[in-house]
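# Requesting a structural model of the entry that follows:
(2 chains)
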Amino acid sequence: MSADTTQNPITQNTITIDGQEIPFVAGQTIMDAALAAGVYIPHLCHKPGLTPHGSCKLCVVDIASRSVSSHNSDRRVQAKFQVVADSRSVSACTMPAVAGQQISNNTPALNEVRKTITQMLFIEGNHICPSCEKCGDCTLQAMAYHLGMLDGHFPQFLQRRAVDASHPTVMLDRDRCILCELCVRASREVDGKNVFAIAGRGINAHLIVNSASGKLVDSDLETSDMAAHICPVGAILIKEHGYEVPIGRRTFDLHQVGEIGSEEIILTKVRHADE
Amino acid sequence: MEQNAEPQSDIGTPPNLRRIAIDPVSRVEGHGKITLLLDADNHIHEARFHIVEFRGFEKFIQGRPYWEVPFIVQRLCGICPVSHQLAAAKAVDQLVGVERLTPTAEKLRRLLHFGQTLQSHALHFFHLSSPDLLFGFGSDPAQRNIVGVLEKYPDLALKGVKLRKYGQQVIAAITGKRIHGTATVPGGMNKPLTVAERDALLVDIKNILLWSQDALALNEQIHTAHPEHYRFATIRSNFLSMVGGGGELELYHGGLRARSATGAMIFDQFDYRGFQDILREEVRPWSYMKFPYLVELGKEQGWYRVGPLARVNNCDSISTPLAEAARKHFREFGHGGFVQDTLAYHWARMIEILHCAESIEALLHDPDITGTDLVADLGEKRSVGVGVIEAPRGTLFHHYQIDEQGLIIKANLIVSTTSNNQAMNEAVRSVANEYLEGHEITEGLLNHLEVAVRAYDPCLSCATHALGKMPLQVELLDADGTLLDRLTKGSNGVIERTA
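Residues are numbered from 1 along each chain as shown, chains lettered A, B, ... in the order given. Next up is the predicted model:
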């Protein structure tokens, strides 16, 4: 889809999120416009500056339709998540802002769905927060707190996933990967490399390394690459630097995940541990 | 999940959760089971204190990076996690080639460890064992708990609670949390102690010293004035502990010393990195807990005790004056020889609590403690690291081997309770010999067995009850292995005969 360009360019285009009128410029997504206006839409796979991906689905919002939507016409779905019948659910990070959109974001029903998605992310991987060095700096963990998640709810998958510690300075722990592809995009779009990719489909999807051996040591990944630092969980780590930030000074001891610009704070933190 | 230093107050019940109640009797298996085996003459032939819980930490840390290990293994315990973190950190120091920490880092680790030992000892005595000692072993379980102590001896109980709280404040100031914080990094510490944090800890230290002295005096009085205490479950054993370079009591770093029951030196100032040369572990099919022994004395004679009783007996002195005076009293009670009484563990524990309080005060006045030079220069990587520390309940060994990528390929932990395994069995046998009459296990016997085990270790009990209702099952078997009697106490304190 493309942005609505039929509006008068002099009159500022606006969308409405949870009753708040928000301006946007042509080409912006709902997420772009929201973040620019200081409105938080939960997300894990989005980072301003990287191509939107729409994979984590936490940023799903409801847009009121002029006619009854076919998206959520299933009454069982509507009943489970209390979805408004005449709206459609879209990923805010990929949906262009269109003037006049009436958007629901911070609603109990949507947050409930987001919590369920977060629970599924937790049980699909092996997230052992108590001993993880990303504890307190982990966006997934912070998201769980933000959404009021109290348990994993679903049975743990307990998957066996390989650790790749072959690289001298960077470690890949697939146990914690949530397939957000931030590393894939950062490597390609910022670092000018192509170190990571996702292979397999569905439940077999997993992060791979584009090298002859499939090992990090044979890739051209360097410690200074953004891809080495952008992981929102503890899947890609700088080796031998865990636990250097004391409890009380970790990212989410000092900040809320809903703070606008938290992605930059996290990136600064992982590059310079105690800032 | 965990993130914040402060516990969340608004945690509710997770939605869509069914609560399934498990009959306490079925949970006894996991917490305490004693089998008494009779010989053909109906005398106690052997007592087996079973540990049927399986933890598996040594296995599941394989494949994990070495710098993560202190924070995985500290989850072994909620009472003494600091000891595990520090023992693992000492091993990690070796892995990164650090021989000597900066003065500030070493003193911070010592302060942390004294805080840990103080709070653990306070918990062990006041919360878990004092009800037995103050009310009597066979008294009403409804009263024989810390709440009962609070009602009848409010001043004493409150001092115990405050002592533990202070130890936890020391831990929180250094690790960010009272339980399961983070402090160590390879070759040092991750945070200095600020002047404000130091000053906050100094506010109460005089009271802590006074209350520690009171606790010690009470224990000394209880033990020395009551033959039923000092004769209870007395066994004669070898002792193993760490000592400082001058033979003094040492909790953080030193050489290993083992002495026989008569006081004869088996080895002294042994470099713990070679502990496998002096210690072996025997596996017995009826318990998941191994049986360590001193190689020099062999499987039969080489079992030993660790912990406060071993340490206070084994050392030549204590570096702080009040605790040293108390140690001399203790040795006088043993008429120059070792005090072997099982319940003297509590007395020795309170001598150590006083030593911790004195040492904390000294460290808080040391200018190095608020220094900011926290991490030593790392040296050449090594593939093997051994960390040994005197945990509250005894000598704790952590032994790790890593591959060239920094991942753990082998781990062996000998925890204090394991070292005391045979001793607990012997103590149980001693109690059973004294209190078993005929072929019936009485409630009195069960209570006495519980007291003996608790002198060594509160962990089995704290796992489920913390208020003196240790789930326990005792079975009596004849020489043919036929079950003669079985008495079970659930975690609700209800005793049932289930034979």
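# At the contact with chain B, which residues of the stretch 151-275 of chain A appear?
By C-beta under 8 Å from any C-beta of the partner chain, the residues of the stretch 151-275 of chain A that approach chain B are A:151, A:153, A:163, A:165-166, A:171, A:239-250, A:252-253. Where you see a C-beta, it was placed from the backbone N, CA and C, and this is true even at glycine.
# can you do 6 Å?
Residues of the stretch 151-275 of chain A lying close to chain B by C-beta under 6 Å from any C-beta of the partner chain are A:151, A:165, A:240, A:242-244, A:246-248, A:252.
# then whichever helix or strand B:S241 is part of to PDB, C-alphas only?
Using DSSP states H and E, B:S241 maps to strand B:238-243. Extracted in PDB, the C-alpha atoms of strand B:238-243 (Å, rounded to 0.1, in the frame of the first residue of the first chain):
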ATOM      1  CA  ASN B 238      38.000 -35.900  61.100                       C
ATOM      2  CA  PHE B 239      37.600 -32.200  60.300                       C
ATOM      3  CA  LEU B 240      38.300 -30.400  57.100                       C
ATOM      4  CA  SER B 241      38.400 -26.600  56.700                       C
ATOM      5  CA  MET B 242      40.300 -23.700  55.200                       C
ATOM      6  CA  VAL B 243      42.700 -21.800  57.300                       C
END
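# Among the residues of the stretch 151-275 of chain A next to chain B, which lie within helices?
A:F252 (DSSP state H).
# In terms of distance to chain B, which of the residues of the stretch 151-275 of chain A next to chain B ranks first?
Closest approach between those and chain B, by C-beta to the nearest C-beta: A:I247, at 2.7 Å.
# List the contacts of the closest one.
By C-beta atoms under 6 Å, 6 or more residues apart in numbering or on different chains, the residues touching A:I247 are B:5, B:176-177, B:181-182.
# Just give me the neighbour total for B:K206.
B:K206: 11 surrounding residues under other C-beta atoms under 10 Å in any protein chain shown.
# got it, and A:I208?
The local packing of A:I208 (other C-beta under 10 Å) involves 17 other residues.
# isn't it right up against A:F196?
No: counting by C-beta atoms under 6 Å, A:I208 does not reach A:F196; the two are 7.2 Å apart.
# can you map out the helices along the stretch 101-250 of chain A?
In the stretch 101-250 of chain A, the helices defined using DSSP state H, counting those that start in this stretch lie at A:108-124, A:139-146, A:182-185.
# Which phi and psi values does the residue nearest to B:D457 when sequence neighbours are not counted adopt?
Nearest non-adjacent residue to B:D457, counting by C-beta to C-beta, 6 or more residues apart in numbering or on different chains: B:T417, 5.0 Å away. B:T417 adopts backbone torsions of phi -60, psi -30, taken as degrees, to the nearest 10.
# measure B:T417 to B:V306 for me?
B:T417 sits at a distance of 9 Å from B:V306 (criterion: C-beta to C-beta, to the nearest Å).
# quick one: which of those two has more around it?
Higher neighbour count among B:T417 and B:V306: B:V306, with 30 against 21, using other C-beta under 10 Å.
# Give me the pLDDT value at the closest residue to that one other than its chain neighbours.
Residue nearest to B:V306 in three dimensions, not counting chain neighbours: B:G394, with 2.9 Å by C-beta to C-beta, 6+ apart. Looking at B:G394, its pLDDT stands at 95.
# Would you mind giving both backbone torsions of B:G394?
In terms of degrees, to the nearest 10, the main-chain angles of B:G394 are phi 140, psi -180.
# for the strand holding B:S241, packing partners?
Under the contact criterion of 3 or more C-beta pairs under 6 Å, 6 or more residues apart in numbering or on different chains; DSSP states H and E, strand B:238-243 touches strand B:255-259, strand B:304-305, helix B:308-314.
# Now the next helix or strand after the longest one: buried residues?
It refers to helix B:308-314. Using DSSP H and E, the helix or strand that follows helix B:308-314 in sequence is helix B:321-333. The neighbour-count check on helix B:321-333 (16 or more other C-beta atoms under 10 Å in any protein chain shown) flags B:322-324, B:326-327, B:330 as buried.
# Can you give the contact residues for helix B:321-333?
By C-beta under 6 Å, 6+ apart, the surrounding residues in contact with helix B:321-333 are B:216, B:312, B:317-318, B:339, B:351, B:354-355, B:358.
# Compute the mean per-residue pLDDT across that helix, please.
Rounded mean pLDDT across helix B:321-333 is 96.
# give me the low-pLDDT residue ranges for chain B?
The model of chain B has pLDDT under 70 over residues B:1-31, B:51-55, B:458-470, B:491-493, B:499.
# Tell me which residue is most central in it.
B:R393 (2.2 Å; C-alpha atoms, centre = their mean).
# List the residues that contact it.
B:R393 sits next to B:307, B:416, B:457 when contact means C-beta under 6 Å, 6+ apart.
# Redo these as CSV? Include neighbour count.
Output for those, formatted as CSV (neighbours: other C-beta atoms under 10 Å in any protein chain shown):
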residue, neighbour count
B:G307, 29
B:S416, 25
B:D457, 23
